[in-house]
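>>> my questions concern the predicted model and sequence given below.
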Amino acid sequence: MDNKFECDLTRDLLPIYLEGATCDESNHFLQNHLETCEECRAICELMREELPADIMKVHRPKRRRRLHAVGKLTLFVIAYLIVVIMFLYAFGHIFVYGF
C-alpha cells in the first residue's frame, strides 16, 4: 500500500480506534502503522491527550431496550385485534357481495 494512503486511512480511523470501536483487523493495521510512522504516532498521542478520560475506558456497546411484559402484551392485543378486524371485514364482504 502507498504510504500516503496508509497515513490517510490511519488518520481517518484514529478517533474510533481511540474509543475502542474498531475491529481486530483494523486494530492490527493501526498498531503496525503507528509503530512505523512517527507523524501518525504523534497525531495519535495528541488525540489521546485531547480525549476525555471516560472515553478511554473500555468501549461498551449500547444495550438495546427490551419490551417489558406490559409492552409485549399491548403489542399482542393490538396484533390480535388487527387480525380479528381483518376477518370480520372479509366475512362481511362475503356476506354482502357473495364470493
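In hand now; what should we look at? No experiment lies behind these values; they were computed from the predicted model shown. Residues are numbered from 1 along each chain as shown.
>>> contacts, neighbours, all on C-alpha from now
Noted.
>>> in the worst-scoring helix or strand of the chain on mean pLDDT, what counts as buried?
Lowest mean confidence among the helices and strands of the chain (mean pLDDT, DSSP states H and E): helix 38-50, at a mean of 88. By neighbour count on 16 or more other C-alpha atoms under 10 Å, the buried set for helix 38-50 is 40-41, 44, 48.
>>> quick one: these as JSON lines, columns for distance to residue 80 too.
Listed next are the buried residues of helix 38-50 as JSON lines, based on distance: C-alpha to C-alpha, whole Å:
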{"residue": "40", "distance to residue 80": "59"}
{"residue": "41", "distance to residue 80": "60"}
{"residue": "44", "distance to residue 80": "56"}
{"residue": "48", "distance to residue 80": "54"}
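>>> what helices or strands is the host helix or strand of residue 94 leaning on?
Using DSSP states H and E, residue 94 sits within helix 69-97. Packing contacts for helix 69-97, counted by 3 or more C-alpha pairs under 8 Å, 6 or more residues apart in numbering; DSSP states H and E, involve no helix or strand.
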